[in-house]
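# Following is a predicted model, sequence given first.
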Amino acid sequence: MPQPNMQQMMKQVQKMQADMIAAQEALKQETVEATAGGGMVTVTVSGDQVVKAIAIDPEAVDPEDVEMLADMVLAAVNEGLRKSQELAAERLGAVTGGLAGPGGLGGLGLPGF
């Protein structure tokens, strides 16, 4: 079995780290939207899981049923966070995908690869 070229492997790791940092920075600029209550509540979340905005349709505000509004906000925030995590996994997976598979760094037993 041939010895892996450590210098080449380190260059690959450094490139992957730089690509990962760039992808993480790009995620801060991307957003996803999630709604609840048929669009009564809309939440915007960045790719790095920061809630950027919550919009509530005035029709959703019922002083007699504040609990329903709270439930809609909670549902929209949770869905927005789920979508944001999915986006991050997709973007970051594209960076690490080539090295994490069989024959890549994963075969070396390095943690995180």
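Good, I have the coordinates. The structure presented is a predicted model; accordingly, all values stated were derived computationally and were not measured. Numbers count the residues shown, from 1 in each chain.
# all strands of this protein, in order?
31-36, 41-46, 51-56 (DSSP state E).
# Packing partners of the first one?
Just to be clear, that refers to strand 31-36. Judged by 3 or more C-beta pairs under 8 Å, 6 or more residues apart in numbering; DSSP states H and E, strand 31-36 is in contact with strand 41-46, helix 66-100. No exception for glycine: its C-beta is placed from N, CA and C like everyone else's.
# Quick one, which of those gets closest to Ala18.
Ranking those by proximity to Ala18 (C-beta to C-beta) places helix 66-100 first, at 9.5 Å.
# Now do the phi/psi pair for Gly47.
With angles defined as degrees, to the nearest 10, Gly47 sits at phi -70, psi -10.
# Against Asn78, how distant is it?
17 Å (C-beta to C-beta, to the nearest Å).
# Counting neighbours, go ahead and name the busier of those two.
Gly47 (24 against 13; other C-beta atoms under 10 Å).
# Could you find the closest non-adjacent residue to the more buried one?
Counting by C-beta to C-beta, 6 or more residues apart in numbering, Gly47 lies nearest to Leu27, which is 3.1 Å off, once chain neighbours are set aside.
# So what's the residue count around the one you found?
20.
# list the contacts for it?
Listed by C-beta atoms under 8 Å, 6 or more residues apart in numbering, the contact set of Leu27 reads 46-48, 87-88, 91-92.
# Same question for Val95.
Contacts for Val95 (C-beta under 8 Å, 6+ apart) come out as 16, 19-20, 23.
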